[in-house]
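**Q** Okay, here's the prediction I keep looking at, along with the sequence it came from:
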Amino acid sequence: MTVTYFSKSSSIGPSSRYRVFQFLPQFQAEGIDCRVEPLFGETYFSILEVRSRALQTCLKIPYVLARFLKRLGTVLMLNRQDLVVIEGPLFPYAPPVVERVLRWLGQRVVVEMDDAIYLTHGHEAKIPALLKIATGVIVGNDRLAAYARQCSSYVSVVPTVVDTDRFVPLASQAATSPCHADEAITIVWMGLAYNLKYLHVLVPALRTLQSQYHVRLRVVCSHAPKLAGIDVEFRAWDFSREVTDLQDATIGVMPLEDTEWARGKCGLKLLQYLAVGLPAVASPVGVNSDIIVNGENGFFASTEDEWYERLHALCGRPHLRARMGAAGRRTVESRYSLALWGPRLADVYRAFAAGKPNQATPHPAQSPVSSHRHSTRAR
């Protein structure tokens, strides 16, 4: 089976890395020849780091035009494929003309979304049109599926997952040792720079905790945050350290605002925390509410007071951290692991390629993400 996947970026981009690149060995084992054609590469992300908005624009325009032309050439030279998968639109902000041509030529085109891109400027009308053109749609959670089903009858929910052979806990005795006031407690947040704004809800809790424990906030990102009065340990994100920067932390956090955009997120950082055995505190927004069972594998926090209470409980109770961390690891292994979803995504591809999209998602009773309170299911 041949698949061409038009990704948003090279493997440096977290969305593309976790939605396709990590699956390539799995696809090969399943007999699927998947060729990935990224739109943007490392240069694009370097341009985004330029502080001067004017200079950034001057660099971005020719780069984007060059990449658009390269992608157009790739599409024009595309041989008949069993399946063509597009991560979002082929050409952001441009009308879906090329996608229509691909369908007219008889290609089976599947659109994949792991964010509520339909809310972004310039995509409000384009995404519905694109979904109606497509053979089918793959989305990362039920919120996105509910939207996609307004435009397509063939929607498959495949959650974002992590490689549990790569994201593993560190064996440590510290988790069960008595808690001392001078014990170093590292609260970690990993993410993209435009999500740093979510950290501000933690500031009052962190200030209070710093007066009670030896607490620091580790931020793994491309930019350091500006959080007055907070002991911040900044680490520039690096793929080679992506796992180790989490493994030696104490608690993972994922604050979000309760917005329609946030409800469409797929909870990647939360899954990364749980996979390495960290207890996590998260906002009960979107898929977070499916991943966390409050008080069992993590805590929910909505207000500044709740953030303090939940973090204080974990800072002062190492046995609770150990219990929740172990439960979180089990959650990822049983419901959100690459080992489970690799063959399932291969089946999704095969079903769409065979023109049998109603078979494109595992039956709810068999799905590893099904539970008494988990809503990611296929119909």
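**A** Looks like it came in fine. For clarity, every value in this text was computed on a predicted model and none was experimentally measured.
**Q** how far does stretch 197-215 stretch from start to finish?
**A** 20 Å (C-alpha to C-alpha, to the nearest Å).
**Q** go on, stretch 47-56?
**A** 6 Å.
**Q** buried stuff in it?
**A** Buried residues in stretch 47-56, counted by 16 or more other C-beta atoms under 10 Å: residue 47. The C-beta positions use only the backbone N, C-alpha and C, and glycine is treated the same way.
**Q** pLDDT on it, on average?
**A** Along stretch 47-56, the predicted local confidence has a mean pLDDT of 86.
**Q** Quick check on the closest residue to residue 136 other than its chain neighbours: phi, psi?
**A** When the adjacent residues along the chain are set aside, residue 136 lies closest to residue 154, with 3.7 Å between them (C-beta to C-beta, 6 or more residues apart in numbering). The main-chain torsion angles of residue 154 are listed as degrees, to the nearest 10 and equal phi -120, psi 90.
**Q** Tell me, how many residues neighbour residue 154?
**A** Applying other C-beta atoms under 10 Å, we find 20 other residues in the vicinity of residue 154.
**Q** so how far is residue 350 from residue 57?
**A** As judged by C-beta to C-beta, to the nearest Å, residue 57 and residue 350 stand 43 Å apart.
**Q** quick one: which of those two has more around it?
**A** Comparing residue 57 with residue 350 by other C-beta under 10 Å, the one with more neighbours is residue 350, at 19 against 11.
**Q** Tell me which residues touch the more buried one, please.
**A** Listed by C-beta atoms under 8 Å, 6 or more residues apart in numbering, the contact partners of residue 350 are 1, 32.
**Q** Look up phi and psi at it.
**A** Taking degrees, to the nearest 10 as the convention, residue 350 sits at phi -60, psi -40.
**Q** how much space between it and residue 225?
**A** Distance check for residue 350 against residue 225: by C-beta to C-beta, it reads 44 Å.
**Q** Pretty sure residue 35 sits in a strand.
**A** Yes - counting by DSSP: H, G, I helix; E, B strand; the rest coil, residue 35 is part of a strand.
**Q** burial of it, as a residue count?
**A** Close neighbours of residue 35, defined as other C-beta under 10 Å, add up to 13.
**Q** For it, which non-adjacent residue is spatially closest?
**A** Spatial nearest neighbour of residue 35, excluding adjacent residues (C-beta to C-beta, 6+ apart): residue 4 at 5.2 Å.
**Q** For the one you found, what is the enclosing helix or strand?
**A** Of the helices and strands defined by DSSP states H and E, residue 4 is found in strand 2-9.
**Q** what packs against that strand?
**A** helix 14-19, strand 33-40, strand 83-87 (3 or more C-beta pairs under 8 Å, 6 or more residues apart in numbering; DSSP states H and E).
**Q** got TSV for the ones you listed, with mean pLDDT too?
**A** TSV is the format used below for the helices and strands packed on strand 2-9 (pLDDT from 0 to 100):
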stretch	mean pLDDT
helix 14-19	96
strand 33-40	97
strand 83-87	98
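**Q** ok, the closest residue to residue 301 other than its chain neighbours - contacts?
**A** Here the nearest residue to residue 301 in space, its sequence neighbours aside, is residue 307; by C-beta to C-beta, 6+ apart that works out to 4.4 Å. Taking C-beta under 8 Å, 6+ apart, we find residue 307 in contact with 201-202, 204-205, 255, 281, 301.
**Q** Next: residue 313.
**A** Residues touching residue 313, when contacts are defined by C-beta under 8 Å, 6+ apart, comprise 299, 320.
**Q** Can you say which helix or strand has it in it?
**A** Secondary structure from DSSP H and E places residue 313 in helix 304-316.
**Q** hang on, the earlier thing: of the contacts of residue 307, keep whichever come out buried.
**A** Buried members of the contacts of residue 307, counted by 16+ other C-beta under 10 Å: 201-202, 205, 255, 281, 301.
**Q** Of all the helices and strands packed on strand 2-9, which one is nearest residue 335?
**A** When the helices and strands packed on strand 2-9 are ranked by proximity to residue 335, the top entry is helix 14-19, at 15.4 Å, counting by C-beta to C-beta.
**Q** what's the farthest-apart pair in the buried ones among the contacts of residue 307?
**A** Every pair in those was compared (C-beta to C-beta); the two farthest apart turn out to be 201 and 281, at 11.1 Å.
**Q** Just the strands from the chain, written as ranges.
**A** Taking DSSP state E as the criterion, the chain contains strands spanning 2-9, 33-40, 83-87, 109-113, 136-139, 155-157, 184-190, 214-221, 232-236, 251-254, 280-282, 299-300.
**Q** now the ones you listed in JSON lines, with distance to residue 271?
**A** Converted to JSON lines, the strands of the chain look like this (distance: least, C-beta to C-beta, whole Å):
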{"stretch": "strand 2-9", "distance to residue 271": "20"}
{"stretch": "strand 33-40", "distance to residue 271": "22"}
{"stretch": "strand 83-87", "distance to residue 271": "19"}
{"stretch": "strand 109-113", "distance to residue 271": "18"}
{"stretch": "strand 136-139", "distance to residue 271": "16"}
{"stretch": "strand 155-157", "distance to residue 271": "15"}
{"stretch": "strand 184-190", "distance to residue 271": "11"}
{"stretch": "strand 214-221", "distance to residue 271": "15"}
{"stretch": "strand 232-236", "distance to residue 271": "20"}
{"stretch": "strand 251-254", "distance to residue 271": "10"}
{"stretch": "strand 280-282", "distance to residue 271": "9"}
{"stretch": "strand 299-300", "distance to residue 271": "16"}
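**Q** Looking at the ones you listed, which is nearest to residue 331?
**A** strand 280-282 (10.2 Å).
**Q** now for the closest one, which elements pack on it?
**A** Strand 280-282 makes packing contacts with strand 251-254, helix 268-275, strand 299-300, helix 304-316 when contacts are defined by 3+ C-beta pairs under 8 Å, 6+ apart.
**Q** tell me the angle of the second one relative to strand 214-221?
**A** I take that to be helix 268-275. Orientation check (axes from the mean of the first three to the mean of the last three C-alpha atoms, to 10 degrees): helix 268-275 against strand 214-221 gives 130 degrees.
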